[in-house]
Every structure is written in C-alpha cells, then in structure tokens.
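K.L.:
The following block contains a protein sequence and its predicted model.
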Amino acid sequence: MLKKFCSSVESFVMSTGGGAPCFHDNMMQMNQSGQTIFLDVPAKEIANRLEKTSLIERPLFAKLAPEQLKDKIEFLRSLRIAFYKQATFIFEGSDISVEMIMSRITS
C-alpha cells in the first residue's frame, strides 16, 4: 500500500506505523515521493500516551505491563533510529504542534 500511495500523483498526508520506514526500501521510497517528517518524542511521553489507549490493538505492546512500555519503546527506537533520521524534517520534544510543523515545512 505504501508504494501504491507513493506513486500517486495526488497530494496526500500519510501517517505510517513506526516500523514502516525500516523495511524494504520504504524510507527511500517515501523520501523520493515527497517530504517526510520524524516526530522524535521521548520514550516516556510515548509510553504515557500509549497507556491511555487499547494496547490489545498494538501487537508489539499488547502483552506488556505498563512499566515495561518505556523500555520496549527505547529498544525499538534503537533499532529504527537510522531509518527515522533520514526524514526530511525532524521535530524533537513532547510538545510538537501542528502549527510548528506547518511553519517549518512551508517556509
């Protein structure tokens, strides 16, 4: 599906799962198709956000206790960071806003 959308002539915004950029040539494909954005949010903040959702719908986290979330997120990030850092734009922090992103990508 990613390659299908990336070959589209229509403008679109795609939000992928965290592992999507890390397989096959997905990150290269996304970068060739348009601008990519990596939201580099601290693991603790991601864990806090995930605790407010249904983890059953997230296979990588479904069987984890809340206190294990942060460690799992940090582990996955360590495996994936080289791909994430290839993004056109990188935003860091817990308080990334739509306005902040729009301001930077449209300037």
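P.N.:
Yes, it's here.
K.L.:
all helices of this protein, in order?
P.N.:
Assigned by DSSP state H, the chain shows helices spanning 2-6, 26-33, 43-51, 69-84, 98-105.
K.L.:
for those helices, which one sits closest to Phe91?
P.N.:
Among those, helix 98-105 comes nearest to Phe91, with 6.3 Å by C-beta to C-beta. Glycine gets a C-beta too; all of them are placed from N, C-alpha and C.
K.L.:
How far does stretch 20-40 stretch from one end to the other?
P.N.:
End-to-end distance for stretch 20-40, by C-alpha to C-alpha, to the nearest Å: 15 Å.
K.L.:
Any buried residues in it, and which?
P.N.:
20-22, 26-27, 30-31, 33, 36, 38 (16 or more other C-beta atoms under 10 Å).
K.L.:
can you give me how far stretch 40-51 is from the chain middle?
P.N.:
12 Å (C-alpha atoms, centre = their mean, to the nearest Å).
K.L.:
wait, I meant stretch 24-40
P.N.:
Relative to its chain's centre, stretch 24-40 lies at 10 Å (C-alpha atoms, centre = their mean).
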